[in-house]
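Q: below are the sequence and a predicted model for it; my questions follow.
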Amino acid sequence: MTKAAVSPMSFHGLDAVILRSVDGAEAIVTLQGGHVVSWTPAQSGRERLYLSPDSAFSDGQAIRGGVPVAFPQFANRGPLVNHGFARNAMWRLQHGGRGPSGEAQAVLRLRAHAQSRALWPHDFVLDLAVHVLGDSLSLVLTCTNDGLLPMSFTCALHTYLRVADVAQVALDGLGGQSYWDKTDGLNKVGDAALLVFDGEVDRIYGGVQRDLLLFETAGAATPDLHIAQHGFTDVVVWNPGAARCAALPDMPADGYRHMLCVEAACINCPVTLAGGQAWTGTQTLVAAR
């Protein structure tokens, strides 16, 4: 008997839904945060998102790993809590089902409410559409200005990718791209074709228009993951390295070795919407092997 495309479940005590495509691909999304916490492609059947085993999974507390939604503020670039309030808020499942190609799809929604207006005085509707099929995961974030006055925001899909050993990883597609390096506060230009990881990396690449390829083994002929984005203008690449990771209370000391954040974002140029306008950004991950 074919399993339902979208079904409710409990994930570490949090209300969640599981998406199952006809070919066996799966994703899990918690209602708290509209947070994708698991993705297993059909072909390999192995988990491709990193989720910290030390995450608290508590009401109102951000989950470490998966794909947190940063909105309406990225990091501490503004007066709100780090990465904004959306990743701690309760979202609603708007609808879920199966698409024409057998994909499982679900739309989760966060709408402005009294608590959000006290922090950020705007009426908005934020939708996250999740599509899973075969070896691909597509995340579509749409924000609609539901009020009359203009509003501006920054945002990101803060995607934690699971890797065997980050010291062996290479990321292709950012060579020659300008970026801001948070580790020293300087603006730089990437001079190497491949980005490799031998310590803390925390960068915002602006105006990225190319797709990225992730190789879990530098020098390999075939990439392990293809990363594309549309609507988002920037890419954040982050790995805390050994020292910073050891100081994070919700990460094991060696957790940095098994994750790499490659985030689709709008940071350098905030999105501004007039009343009634909408913006959409998409990140698509395709597992090549």
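A: Happy to help now that I have it.
Q: for Ser251, what are phi and psi?
A: For residue 251 the amino acid is Met, not Ser. As for Met251, its main-chain torsions (degrees, to the nearest 10) stand at phi -130, psi 140.
Q: check the burial of it by counting its neighbours.
A: 21 (other Cβ atoms under 10 Å). C-betas here are computed from N, CA, C, even on glycine.
Q: that one reaches Tyr50, doesn't it?
A: No: using Cβ atoms under 8 Å, Met251 makes no contact with Tyr50, being 9.8 Å away.
Q: for the nearest residue to Leu139 once chain neighbours are set aside, give its distance to Gln61.
A: Computed as Cβ to Cβ, 6 or more residues apart in numbering, the closest residue to Leu139 that is not its neighbour in sequence is Gln283, at 5.1 Å. For Gln283, the distance to Gln61 equals 24 Å [Cβ to Cβ, to the nearest Å].
Q: more crowded one of those two?
A: Counted by other Cβ under 10 Å, Gln283 and Gln61 do not tie: Gln283 has more neighbours, with 24 against 14.
Q: you'd agree that one is up against Ala265?
A: No: if you go by Cβ under 8 Å, Gln283 and Ala265 don't touch, sitting 9.5 Å apart.
Q: tell me, what's touching these two both at once?
A: Counting by Cβ atoms under 8 Å, 6 or more residues apart in numbering, the contacts common to Gln283 and Ala265 are 157, 232.
Q: low pLDDT regions in the stretch 51-200 of the chain?
A: Scanning the stretch 51-200 of the chain for pLDDT under 70 picks out nothing.
Q: which residues in it form helices?
A: Along the stretch 51-200 of the chain, counting by DSSP state H, counting those that start in this stretch, helices occupy 114-119.
Q: show me the strands in it, by range?
A: Listed in chain order, the strands of the stretch 51-200 of the chain (DSSP state E, counting those that start in this stretch) span 69-70, 92-98, 104-111, 124-133, 136-145, 151-157, 160-162, 170-172, 178-181, 186-189, 194-196.
Q: among those, which comes closest to Ser44?
A: strand 160-162 (11.5 Å; Cβ to Cβ).
Q: which strands or helices does the closest one pack on?
A: Strand 160-162 sits against strand 259-273, with contacts defined as 3 or more Cβ pairs under 8 Å, 6 or more residues apart in numbering; DSSP states H and E.
Q: again, only using 10 Å
A: Other elements packing on strand 160-162 under the criterion 3 or more Cβ pairs under 10 Å, 6 or more residues apart in numbering; DSSP states H and E are strand 35-40, strand 225-230, strand 259-273.
Q: export the ones you listed to TSV and tack on distance to Val140?
A: TSV is the format used below for the helices and strands packed on strand 160-162 (distance: least, Cβ to Cβ, whole Å):
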stretch	distance to Val140
strand 35-40	12
strand 225-230	9
strand 259-273	11
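Q: which of the ones you listed sits most buried?
A: Comparing the helices and strands packed on strand 160-162 by mean neighbour count (mean count of other Cβ atoms under 10 Å), strand 35-40 comes out on top with a mean of 24.
Q: just the CA trace of that one, in CSV.
A: The C-alpha coordinates for strand 35-40 follow below in CSV (Å, rounded to 0.1, in the frame of the first residue of the first chain):
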residue,chain,number,x,y,z
HIS,A,35,12.2,23.7,9.9
VAL,A,36,13.4,21.0,7.6
VAL,A,37,15.3,18.6,9.8
SER,A,38,15.8,15.6,7.6
TRP,A,39,16.3,14.8,3.9
THR,A,40,17.0,11.4,2.5
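Q: and it, what's its mean pLDDT?
A: Strand 35-40 shows a mean pLDDT of 98.
Q: that one vs strand 104-111, what angle?
A: 170 degrees (axes from the mean of the first three to the mean of the last three Cα atoms, to 10 degrees).
Q: now the angle from strand 35-40 to strand 136-145?
A: Orientation of strand 35-40 against strand 136-145 (the same axes, to 10 degrees) gives an angle of 160 degrees.
Q: please shift the residue numbers so they start at 4 in all later answers.
A: Sure thing, new numbering starts at 4, so read that last one as strand 38-43.
Q: out of the strands of the stretch 54-203 of the chain, which is closest to Cys248?
A: Between Cys248 and the strands of the stretch 54-203 of the chain, the tightest spacing by Cβ to Cβ is seen for strand 163-165, at 12.6 Å.
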